[in-house]
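K.L.:
only geometry, no sequence info:
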């Protein structure tokens, strides 16, 4: 309870439920004077919208941003910005039917324990992936500001199941990467692998099963010296934000879990001079040392578990009868959440980076555009 | 700046530097009435003390806990508890010599950028692994309280470099595991692998190199329904705390990164009835669904990078001359930080769990022991 | 920036502007299972609505509560509750006319300095008294919960200008006091003085002037032992919340400013036994000692300044020409804000008390009504 | 529990008890590069030290500042600064004798209710006025920084009992005011009234009674545009901090409680041009409008209650026997706390102002002195 808020200076509060009236986000601390580019926000939001392709849930939602506060003369004012999208298409009746079956790896049981049966269970209510629409709206504003300071965040699908793209892309131009990625229905960067990933998703979908994957993400051009020790470390702040995204079960920075097999002589990033500036020869640190930015690209990777909602028969417990049983979940679900999660991860990183840059005074509270 | 504090109800603030007068922790929010078992705290602290074996830094420190506030009649009072250990044995002169060389994967450069040359650089100052002694002291208090409610945290060395222990131990009795682990100089659970890990560390030490590894950690008997959605999710809170430990570059819960290759039918944990209680058949969720505890063991794994301080010659930059150069770091360093980090990870998890149980009213603010 | 949020467990975030689309409040941390009595919330809101009588602004607003999230089956779910009222009747054109005149004791100048000309200035935008509608909505929910635990907050108009009611009412039955107060257009408790206060307001209104006053407020039946030392003291938390209400320039607890003229022998509240419970003979401490509740009524008094918007000619500065000038403010303003502020003060106190009782575990997170 | 911390960027955490080992403060967020003027800090601390004159408690304490962390080469490093003073002279035995008597207007009863008998009761433990020594140490650092930006805070004794000084001093030079004030044993600004106040304190002391008073405080040269709406208003933040000082029961800004009797035409501060800058003709707003600084002096006044510890016989309850009784408190107490509280109020204001200026980026995180 009482903790749907993230951030210090760029503070976002998430609200709304899957089958409630709206999904919303309240954003407090946006600098004044930003041109409020509603089209960009809508464009970002469209990247996580359901029903984009045959690979995603068929739930029909226009997901159109509505501004409730904080904008005046098409600019931010420094006041809290409240943005909502309306929920439109859903059939809640099916949920009643399955109400007493604890869906495996779903929140039914923990909600019962935590909220004593009062939680909105329709479409997982407050715990639906749909609430990430709020993160994307807030992230879009963060990106608009970061971009003015030449800072960019970018994410893409690295793998779907065992189909993985080992290429290292982050030295490339971000705008070009965005263009390539957004043509791929799975948000991958390699055209051939993109098709294989699509096929993999299709195939698990036909089996009424689901599949996991991984996303890689970068923030480029963060100045060196941002972040802090201990609980204010960039890894600490970013991981906290990223784990707010449902279905993420792991995060690593730079070499990450590979570092456990490495020697110091291999992992250490030698300092070099490049164009008169201090850089590192390689970037196994992922742009962060001691919790503070080095000026190199900040890189991270997240693991996304397979969607819990699958149509195959599953064993479970009937909570009313307290008996073990088997059931089949009806409804239309994403067989793989990875492609739609890409923009969410990217947004979350932008939100945290902006917050930190505001805290440290690198970005001012009034933007004179 | 201003962010050396973690927690809401059980709030810890870290202070002190590697070569300053003390390393300390201020703990605000400890319930009143706890028997303040100083021996236990010292016992915990001894597990991360330098100079325990030939595998660790030879820095000689007694690391004896001193209580500055918050205890009366050998019990906690509800007031902030300030604990310090004094720094004793160090030779700071060597740091002056290397002051202008940016040690690879060390904080020299980022501190310069962040604190403008004013940071205490001796032994990495505020960014030394030595500050984790404060986490262990706070963690010991958290454990004393959790244990009263039959909740235990436990960590061990899963791997050193490529020597990894694949066994699943968390179903076993924690007290027994502690006993076995504490006999191993590398804090492993398998006697044979423990020797191999020791040898591996010895061997990199002889090469003036270092090595990474991984730690697995569990919290047992957390009641179901603890945690929350979004930014209050257990993964979010735990990861933020764990990344405050220097050298950690990755974290995963339950199946973690393995989940990215799994199908839903494989990853989903079927609900079952066991001894009249709802449990899951297996635990790929790591005891957390939707950010909330399921009542199953909460499991996590962290990746620890190889120590950045190595004696081999390294390429780097001389920040005064702004020229690339080579240098050899003097001094005595841990070739592998994993064994000493085990108790730190365990402590951090205890701190977060206790904070959450206090927030949710599961543990009261006065303990009648 | 970034600080429109109050509270820890019962967290309210204020948003919206006087002439924007809505005035809203996001409430995070409401216990699950509360019957969501929309009529009560509306009833509370009606007490601060403009246009209630000839004494208030004639701005016409229905101020009808709309629920955007957090309610399911007419009960709270534990999820964030977003409530808004729509802004309807306003003529923003007049503000353009006066845009370059700095209204005396108004926010025009400070907004310019803080937000660089981007703030919404219409009707003082984000700084309008109208945003307190959000506090009342959140306060209504807080009251619904507190009342279940037999705790009540109550405020009334003590004085308008020099017309003051010296009677001590807080020993009386709160429900009766509410009934009496709500019959008075100025929210006073003495019928005769109420008429005098009305006349005073009428008279300053006719002069195109305004008048200040004071409000007394009580919270009854708070259990002893709630609150804390230092920055968690009840006075600290309450005063912070109360000063969020525009126009309040002073606050005192118990004997307050009178205590500065008192001797200890006079001010000290002797402990007594009453019906087997420890109480104090009198209550100059205002129910708080050392920042912690004594179990006696928590009493406070606030000073409200006269409305800054007056129709009389006033001297000021034209910020465009940077010349001193005189101008007359058009528009319809409350000649005295005190009567409408009564329910706001009462609400704020309820919000803080509930937050504290949730923090301390006195009120659980699931209500089984 | 868990709330002995104040501030966001300049964060202070208070610890220690009256008869524990130390009184301390942990300060997180001090900009790096400040010359750490220990003499100034000691000088400030000496102003609240007991035993300064015949008017204060005779408790003998050297109150010498000891630095535990955060300073390197006599400069701040950006790391947390831990400062303590040792407790030396006290006789705790007398407290056992009175343990079962609830001292009137003292914390005995509320501590019992809150901490279940585990609180350190000696000398009121954590609730002693002695903990304000920590505020003064932190305040001294805040002043050192503010002074570099030409911002000053100043407080003085306005009244002791009925002896009040009506003069308005805040237009005068602050350094001169400090000099005059510090010559007065009661910290007053008028020599004649100072003697009368001394006599008043002497006289209540002889009666084994105590007396209250008031303190006026100012912060000069805060730039306009600092602060914020709602919960971030300067009044909200300052009042929260000031009420952390024991014995304060009221606070007002600008005209404060006098505003309740004023008309708008009288209270409104007309904007003027002075030396090419926008100012107000008078300052009934106390330098704050809409929670934001106007650039005029920020003025406030606090009411201090008479010391609860008096030697006269008092009625009370014996908590063991649960019977009403009479008792006489032994020991040596300040008959009036006002003179020693002056520097505490001044310090608290400096702490809040600095925090806000850091948050808003007006003061940078590295000072190049």
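P.N.:
It's in. In this text, all values refer to a predicted model and were calculated from it rather than measured experimentally.
K.L.:
For the spatially closest residue to residue A:81 that is not a sequence neighbour, grab the count of nearby residues.
P.N.:
Spatial nearest neighbour of residue A:81, excluding adjacent residues (Cβ to Cβ, 6 or more residues apart in numbering or on different chains): residue A:70 at 3.3 Å. No exception for glycine: its C-beta is placed from N, CA and C like everyone else's. By other Cβ atoms under 10 Å in any protein chain shown, 28 other residues sit near residue A:70.
K.L.:
for residue A:70, what are its contacts?
P.N.:
Applying Cβ atoms under 8 Å, 6 or more residues apart in numbering or on different chains, one finds that residue A:70 lies in contact with A:27, A:30, A:76-77, A:79-82, C:15, C:17, C:20.
K.L.:
Please name the residues that touch the residue in chain A positioned nearest to chain D.
P.N.:
In chain A, the residue that lies nearest chain D is residue A:361 (3.7 Å; Cβ to the nearest Cβ). Contact analysis of residue A:361 by Cβ under 8 Å, 6+ apart lists D:361, D:364-365.
K.L.:
what about it, which SS state?
P.N.:
On the three-state scheme (DSSP: H, G, I helix; E, B strand; the rest coil), residue A:361 is labelled coil.
K.L.:
Where does pLDDT dip in chain A?
P.N.:
A:1-2, A:58, A:89-95, A:97, A:369 (pLDDT under 70).
K.L.:
What are the boundaries of the helices in it?
P.N.:
A:38-46, A:93-97, A:108-115, A:132-148, A:174-183, A:191-206, A:234-242, A:264-267, A:338-359 (DSSP state H).
K.L.:
Output those as CSV; include the columns distance to chain C.
P.N.:
Output for the helices of chain A, formatted as CSV (distance: least, Cβ to the nearest Cβ, whole Å):
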stretch, distance to chain C
helix A:38-46, 14
helix A:93-97, 11
helix A:108-115, 4
helix A:132-148, 11
helix A:174-183, 28
helix A:191-206, 31
helix A:234-242, 15
helix A:264-267, 37
helix A:338-359, 8
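K.L.:
Turn those helices into TSV, columns for mean neighbour count.
P.N.:
TSV is the format used below for the helices of chain A (neighbours: other Cβ atoms under 10 Å in any protein chain shown):
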stretch	mean neighbour count
helix A:38-46	16
helix A:93-97	12
helix A:108-115	24
helix A:132-148	25
helix A:174-183	14
helix A:191-206	18
helix A:234-242	26
helix A:264-267	22
helix A:338-359	27
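K.L.:
Let me know which of those is the nearest to residue D:7.
P.N.:
Of all the helices of chain A, it is helix A:338-359 that lies closest to residue D:7, at 13.4 Å by Cβ to Cβ.
K.L.:
Next, the angle from that closest one to helix A:132-148.
P.N.:
Here the directions of helix A:338-359 and helix A:132-148 differ by 50 degrees (axes from the mean of the first three to the mean of the last three Cα atoms, to 10 degrees).
K.L.:
what's the spacing between the residue in the stretch 51-200 of chain A that chain B sits nearest to and residue B:362?
P.N.:
Of all residues in the stretch 51-200 of chain A, residue A:113 sits closest to chain B, at 3.0 Å by Cβ to the nearest Cβ. Distance of residue A:113 to residue B:362, given as Cβ to Cβ, to the nearest Å: 11 Å.
K.L.:
Overlap in contacts, these two.
P.N.:
residue B:223.
K.L.:
what residues are up against residue A:27?
P.N.:
Residue A:27 touches A:10-13, A:70, A:80-83, A:137-138, A:141, counting by Cβ under 8 Å, 6+ apart.
K.L.:
Out of those, which comes closest to residue C:64?
P.N.:
Nearest to residue C:64 among the contacts of residue A:27, counting by Cβ to Cβ, is residue A:82 at 17.8 Å.
K.L.:
and the stretch 151-300 of chain A, which residues reach chain D?
P.N.:
Listed as neighbours of chain D in the stretch 151-300 of chain A under the rule Cβ under 8 Å from any Cβ of the partner chain: residue A:229.
K.L.:
how about the residues of the stretch 151-300 of chain A that lie near chain C?
P.N.:
Close to chain C, as judged by Cβ under 8 Å from any Cβ, the stretch 151-300 of chain A has no residues.
K.L.:
What segments of the stretch 151-300 of chain A are strands?
P.N.:
Along the stretch 151-300 of chain A, the segments classed as strands by DSSP state E, counting those that start in this stretch run A:152-160, A:163-164, A:213-220, A:248-253, A:271-274, A:277-280, A:288-289, A:292-293, A:298-304.
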